[in-house]
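this one's sequence-less:
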Ligand SMILES: Cc1cc2nc3c(=O)[nH]c(=O)nc-3n(C[C@H](O)[C@H](O)[C@H](O)COP(=O)(O)O)c2cc1C
């Protein structure tokens, strides 16, 4: 499959056949994910993988509980809408494999500067380094989604489950020093989703030029 075709035909897949994936298939996906660029080539990502049904179910239960708690705190008119929206946070439960993509903040500049650097610059460096870890990992995840699609697997990228990030970290045994970027459910697709519209290019593009 050509790259352009892969990019234009990829969809977020949320329904999966029961068929399992083997470790080799998952490792190939990760091999393709990590061809992504990363800030200072620090590759600040880790991919925590599970195909254990009881672990996936426990994560989904924690996310559902968090959604139920949150729904109690929105205006009553919105509860039903929020419950439906929240149901999209647990869609990973249907997948035979879930990859939890985690990232660490970069420690490059912050390790080099002396203590005399002003607070404002120090704060910006810290923000830039945290941001770089997440941006790099998002690129790896997009590679993974595209490659999965090109070999006829279905997958999606999910940040909704992070309403229970601490619980997911604990269930998956992810060390405190790693933040979770997204969950990626993967399997053989059991749906062929319609394309979801995109804003026109002109509406999202701003050319900036001097006088
Ligand atoms: C950062 C990120 C977080 C997302 N989180 C969720 C999620 O929690 N649940 C879900 O069902 N889909 C999630 N999605 C998938 C989007 O809903 C989907 O990409 C969008 O509707 C466009 O559809 P498409 O991917 O099929 O083109 C997420 C996508 C991204 C990039």
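Yes, it's here. Values in this document were obtained by computation on a predicted structure and should not be read as measured data. Residues are numbered from 1 along each chain as shown.

In this protein, where's the longest helix?
Assignment by DSSP state H gives helix 119-150 as the longest helix of the chain.

Show me what that one is packed against.
Applying 3 or more C-beta pairs under 8 Å, 6 or more residues apart in numbering; DSSP states H and E, we find helix 119-150 packed against helix 3-9, helix 23-33, strand 45-50, strand 97-103, helix 109-112, strand 154-155, strand 179-187. Bear in mind the C-beta positions are built from the backbone N, C-alpha and C, glycine included.

Tell me which of these sits most buried.
With neighbours taken as mean count of other C-beta atoms under 10 Å, the helices and strands packed on helix 119-150 reach their highest mean count in strand 154-155, at a mean of 26.

Give the rounded mean pLDDT of it.
The pLDDT scores in strand 154-155 average 98.

That strand - contacts with which helices or strands?
Using 3+ C-beta pairs under 8 Å, 6+ apart, the elements in contact with strand 154-155 are helix 119-150, strand 179-187.

so which of the ones you listed comes closest to the ligand?
strand 179-187 (5.6 Å; C-beta to the nearest ligand atom).

okay, the angle between that closest one and strand 45-50?
On the basis of axes from the mean of the first three to the mean of the last three C-alpha atoms, to 10 degrees, strand 179-187 is oriented at 50 degrees to strand 45-50.

mean confidence for strand 179-187?
98.

Wasn't residue 40 part of a strand?
No: according to DSSP: H, G, I helix; E, B strand; the rest coil, residue 40 belongs to no strand; its state is helix.

What's the separation between it and residue 112?
Between residue 40 and residue 112 the computed distance is 12 Å (C-beta to C-beta, to the nearest Å).
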